[in-house]
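Peer 1: The following comprises the amino acid sequence and a computationally predicted model.
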Amino acid sequence: MKNLKLLAVMVLVFSLSAFTNKTDDNGYKIGDFATDFSLENIDGKMVSLSDFKKAEGFIVVFTCNTCPYAVAYEDRIEALNQKYADKGFPVIAIMPNNTDVMPGDNMEAMRERAKSKGFSFPYLLDKGQQIYPQYGATKTPHIYLLQKTEKGNEVKYIGAIDDNYQDAEAVKVKYVEDAVDALLEGKAIKVTETKAIGCSIKV
Amino acid sequence: MKHLLLILLISVLPIQQEKLEVYDYDGLEPLIHKKDDKVHVVNFWATWCGPCVKELPYFEAINDTYKNENVEVLLVSLDFPSKYDSALKPFIKKNNLKSKVVALNDTDQNRWIPAINEDWSGALPATIIYKGDKRQFYERSFTKEELETELKQFLK
């Protein structure tokens, strides 16, 4: 009887978990190791983190064309890549939305947007939406700063790019830049997690 | 020429009369922590947010259906200030929104998002239902039935 109850509970737990949201509530925390991936870039080539042999880490940005917050940050994302790619921390942008729901985020639209904005970083499509739930990304833009270690790509910062989405000129704290600078100097990152408004990732 | 100016002025006037209450978080805080005996449904949304716009009629329906049961809906818009006149106000008018709409304009999101709820990642839409000290937070979108089910927990 006891076993039967246990079985019933287990079945319940499994069936509940089967219906929960795609995004794992327990996405990456600081200190976790982030998964690598093989996702198609706007140039048709597949891109993985392991392709970047010389990189010391990555600024992984979940972003898209259609979210006003993501659009507000486009130039700042490009500036991050300009500033840090050569220092070993390239930007890797991933578009996580379901493109059937958001046609404005499909590969062709991504290609056009990247061209018109002059993106110098890979802009990858999370086809099948398998990657963002593992990271625990919930919205665009959502940043994960990774540092390459012997054990893998360690999550060092999660959150917003800076503290003012409206006006790049009025920014007081550049969270991502401060975090990358700290890693480059071998210092501890002061602010490791921040919150910001964004568009929910469309499933 | 004078007449033309007058006509222009008259045609512009009604738009200016549509007032929108805009708050920073300190201003909004009392509005989402009312200590009366009503059930308050607070929805964070924006005109550019597809799932928000889709579920907005359900909040409107609740505001209408349950107004005699002490339920009050507050729609907190996170539209950019530059869009208040061009998008938000026309949207409120076009959809004839009956629930109270206010705008939250506070760039220090890392302060007020966790203050609203520790578990909120910042994705829209998001909703609070509260009555007195009882409080539920939802980072998700609703169907009409789902929203009513949640609301009814507070009506008992």
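Peer 2: Happy to help now that I have it. Keep in mind that this is a model prediction, so the values were computed, not measured. Numbering: from 1, shown residues only, chains lettered A, B, ... in the order given.
Peer 1: Chain A: strands as residue ranges?
Peer 2: A:33-34, A:39-41, A:46-47, A:57-62, A:91-95, A:123-125, A:139-140, A:142-149, A:152-159, A:198-200 (DSSP state E).
Peer 1: between the ones you listed, which one is nearest to residue B:108?
Peer 2: strand A:152-159 (13.5 Å; CB to CB). Every C-beta, even on glycine, is put in place using the N, C-alpha and C of the backbone.
Peer 1: For the closest one, name the packing helices and strands.
Peer 2: Contacts defined by 3 or more CB pairs under 8 Å, 6 or more residues apart in numbering or on different chains; DSSP states H and E place strand A:152-159 against strand A:33-34, strand A:57-62, strand A:142-149, helix A:175-185.
Peer 1: okay, those, which one's buried deepest?
Peer 2: strand A:57-62 (a mean of 24; mean count of other CB atoms under 10 Å in any protein chain shown).
Peer 1: and it, average pLDDT?
Peer 2: Strand A:57-62 carries an average pLDDT of 98.
Peer 1: quick one: it near chain B?
Peer 2: No. Using CB under 8 Å from any CB of the partner chain, strand A:57-62 stays clear of chain B, with a minimum separation of 11.1 Å.
Peer 1: Describe which strands that strand pairs with in its sheet and in which direction.
Peer 2: Strand A:57-62 sits in its sheet next to strand A:91-95 (parallel), strand A:142-149 (antiparallel), going by DSSP bridges.
Peer 1: Any chance of TSV for those strands, columns mean pLDDT?
Peer 2: Output for these, formatted as TSV (pLDDT from 0 to 100):
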stretch	mean pLDDT
strand A:91-95	98
strand A:142-149	98
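Peer 1: Can you tell me which of these is nearest to residue A:126?
Peer 2: Per CB to CB, nearest to residue A:126 of the strands paired with strand A:57-62: strand A:91-95, 5.3 Å.
Peer 1: Determine the angle, from 0 to 180 degrees, between the closest one and helix A:175-185.
Peer 2: 140 degrees (axes from the mean of the first three to the mean of the last three CA atoms, to 10 degrees).
Peer 1: Buried residues, strand A:91-95. List them.
Peer 2: Of the residues in strand A:91-95, those with enough neighbours to count as buried (16 or more other CB atoms under 10 Å in any protein chain shown) are A:91-95.
Peer 1: Stretch B:144-156 too?
Peer 2: Those would be B:147-148, B:150-151, B:154, for stretch B:144-156 by 16+ other CB under 10 Å.
Peer 1: of those residues, closest to residue A:185?
Peer 2: Nearest to residue A:185 among the buried residues of stretch B:144-156, with distances taken as CB to CB, is residue B:150, at 48.0 Å.
Peer 1: right, is the helix or strand harbouring that closest one up against chain A?
Peer 2: Element membership of residue B:150, judged by DSSP states H and E, is helix B:144-155. No. Helix B:144-155 does not reach chain A (CB under 8 Å from any CB); its nearest approach is 13.1 Å.
Peer 1: sorry, back to before: figure out which of the strands of chain A is closest to residue A:115.
Peer 2: Per CB to CB, nearest to residue A:115 of those: strand A:123-125, 10.1 Å.
Peer 1: Which other helices and strands does the closest one contact?
Peer 2: Partner elements for strand A:123-125 (3+ CB pairs under 8 Å, 6+ apart): strand A:39-41, strand A:91-95, helix A:107-117.
Peer 1: what are the pairing partners of that strand, and which direction each?
Peer 2: strand A:39-41 (antiparallel), strand A:91-95 (parallel).
Peer 1: ok, back up a step: what residues does the helix holding residue B:150 touch?
Peer 2: B:39, B:41, B:55, B:57-59, B:61-62, B:66, B:69, B:71, B:127, B:129-131, B:134, B:136, B:138, B:142 (CB atoms under 8 Å, 6 or more residues apart in numbering or on different chains).
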